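*Asks:* Turn this into a structure:
(chains A, B, C and D)
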There are 2 protein chains.
Amino acid sequence: MRDYRNKLPVADGTMKEAIDSFQTFLRLRSLRATDVREAIVRAALACRGHFHVEELATDVRAGGFEVSVATVYRALPLLIEAGIIQPTEVSGEKRSYEAVFGREHHDHLICRQCRRVVEFQFEAFEMLQREVAAKYDFELVGHLHELIGICAECRRSSSRQ
Amino acid sequence: MRDYRNKLPVADGTMKEAIDSFQTFLRLRSLRATDVREAIVRAALACRGHFHVEELATDVRAGGFEVSVATVYRALPLLIEAGIIQPTEVSGEKRSYEAVFGREHHDHLICRQCRRVVEFQFEAFEMLQREVAAKYDFELVGHLHELIGICAECRRSSSRQ
DNA sequence: CTTCATGCAAAAGATTTGCAAGTTC
DNA sequence: GAACTTGCAAATCTTTTGCATGAAG
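*Replies:* Alright, predicted model coming up:
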């Protein structure tokens, strides 16, 4: 019984590009391009929004590949380094990840009550971040930016009580 | 053998205010103001920078209070809700916290290699964040903002190889 | 045919929980 | 005295690791 609500149809072109890019990454490191690793990349890219390790393993299996969690755990750092996924911490929650390959950069606005996640883009943030990094003489490689709030709906339902 | 490098002398006034504020919080919830909880608050406030649960427990003991980790774990959500501390995730690291009571708000710039943390303040970020929240009709209650980079020193040492 | 990948089960860590005994209000 | 806290140990959950076997280059 798989839940397709959080699955995303990925354009063939993008998928191929991602797999290619991942295989190149593996070759450069003298690592093996295996079916299981490819299946993990596919499953990760097909995820809409954030996913946990266990969910990723389940998705890979739903795609017809046997895989142990250990293998998924071992693959994660590779996918991250290859730029396929990114860790996305949400304070006080289980560790989660999201696909980034071929997607536009965005940050998150999270409702503390219902956990709904809104993605937003705001170039001004990026510019300011580069400024801050430059000021302290850091080479910027990434960032984690999450706004925590209470969405309109949750505000309404809690004031109703 | 306690390491004082990461300890911070806290002004008596601030400490008293924090304890008072915490006790008020407890009373409002019909929870008990115990010595152990007060000791945990004191230890947390005395921490400079980020700390892990185990370190907090050690500090409480160093202050002369016996405490089990279980109790510290049980106290953490209270300290967070009372606004004494805040969770501060660093991607791929152990969960950590930092004291916020009576301190100026800041965000973090973290070196991916040496893990050094630089705190920065930039009012422009706060303004933009309020704008984003307003745009999506969220009531903003907090945020997590970390820039990940490589500091000048680490860049120098890695280019040397 | 060498090196790397995988599954499994065990290990290691982190966090939570049930319960009996002790405290706070 | 009732309700809440605590320590302890056990239970859970997450992530890592050793080792024997199987696959990739």
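*Asks:* ok, longest strand in chain A?
*Replies:* Ordering each strand of chain A by length in residues (DSSP state E) puts strand A:138-151 first.
*Asks:* Where do the helices of chain A begin and end?
*Replies:* Under the criterion DSSP state H, chain A contains helices at A:12-28, A:35-45, A:53-62, A:69-81, A:123-135, A:152-160.
*Asks:* lowest-confidence stretch among those helices?
*Replies:* If those are sorted by mean pLDDT, helix A:152-160 sits at the bottom with a mean of 84.
*Asks:* and the angle for that helix with strand A:138-151?
*Replies:* 40 degrees (axes from the mean of the first three to the mean of the last three CA atoms, to 10 degrees).
*Asks:* Just name the most buried of the helices of chain A.
*Replies:* helix A:35-45 (a mean of 20; mean count of other CB atoms under 10 Å in any protein chain shown). Using the backbone N, CA and C atoms, a C-beta is placed for each residue, glycine as well.
*Asks:* Please give me every residue in contact with the spatially most central residue of chain A.
*Replies:* In chain A, the C-alpha nearest the mean C-alpha coordinate belongs to A:E98, at 0.8 Å (CA atoms, centre = their mean). With contact set as CB atoms under 8 Å, 6 or more residues apart in numbering or on different chains, A:E98 has these partners: A:C47, A:G49, A:H50, A:F51, A:I85, A:Q86, A:T88.
*Asks:* Was I right to think the last one contacts A:H50?
*Replies:* Yes - under the criterion of CB atoms under 8 Å, A:T88 makes contact with A:H50 at 5.5 Å.
*Asks:* Could you tell me which residues touch both of these two?
*Replies:* In contact with both A:T88 and A:H50: A:S96, A:Y97, A:E98, using CB under 8 Å, 6+ apart.
*Asks:* can you redo those as TSV with pLDDT?
*Replies:* Output for the shared contacts of A:T88 and A:H50, formatted as TSV (pLDDT from 0 to 100):
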residue	pLDDT
A:S96	91
A:Y97	94
A:E98	94
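*Asks:* any idea which of the residues you listed is the one closest to A:I40?
*Replies:* A:Y97 (11.3 Å; CB to CB).
*Asks:* Not counting its neighbours along the chain, what's nearest the closest one?
*Replies:* Excluding the flanking residues, the one nearest A:Y97 by CB to CB, 6 or more residues apart in numbering or on different chains is A:I85, at 4.8 Å.
*Asks:* beta partners of the one you found?
*Replies:* A:A99 (DSSP bridges).
*Asks:* quick one: it and A:G102, what's the gap?
*Replies:* 12 Å (CB to CB, to the nearest Å).
*Asks:* Looking at those two, which one has more neighbours?
*Replies:* Higher neighbour count among A:I85 and A:G102: A:I85, with 24 against 16, using other CB atoms under 10 Å in any protein chain shown.
*Asks:* Do I have it right that that one meets A:L79?
*Replies:* Yes - taking contacts as CB under 8 Å, A:I85 lies within contact range of A:L79: 4.7 Å.
*Asks:* Can you work out which residues contact both of these two?
*Replies:* Shared contacts of A:I85 and A:L79, counting by CB under 8 Å, 6+ apart, come down to A:A44.
*Asks:* For DNA strand C, see how far away A:L78 is.
*Replies:* 8 Å (CB to the nearest atom of the strand, to the nearest Å).
*Asks:* Domain parsing of chain A, as residue ranges.
*Replies:* Split into domains by automatic domain parsing, chain A comes to A:1-103, A:104-161.
*Asks:* Could you dump those into CSV with distance to DNA strand D added?
*Replies:* As requested, the domains of chain A are exported to CSV (distance: least, CB to the nearest atom of the strand, whole Å):
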stretch, distance to DNA strand D
domain A:1-103, 3
domain A:104-161, 15
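*Asks:* burial of the nearest residue to A:R27 once chain neighbours are set aside, as a residue count?
*Replies:* Using CB to CB, 6+ apart and skipping residues adjacent in sequence, the residue nearest A:R27 is A:A33, 7.3 Å away. Counted with other CB under 10 Å, the neighbours of A:A33 add up to 13.
*Asks:* Just confirm A:L128 contacts B:F122, I think it does.
*Replies:* Yes - counting by CB under 8 Å, B:F122 is a contact partner of A:L128 at 6.5 Å.
*Asks:* ok so, going back, out of the contacts of A:E98, grab the one that's most surrounded.
*Replies:* Within the contacts of A:E98, most neighbours by other CB under 10 Å means A:I85, with 24 neighbours.
*Asks:* ok, now which ones touch the residue nearest to A:R27?
*Replies:* So A:A33 contacts A:F22, A:Q23, A:L26, A:R27 (CB under 8 Å, 6+ apart).
*Asks:* DNA strand C versus the third one, what's the distance?
*Replies:* The one in question is A:L26. Taking CB to the nearest atom of the strand, one finds A:L26 at 7 Å from DNA strand C.
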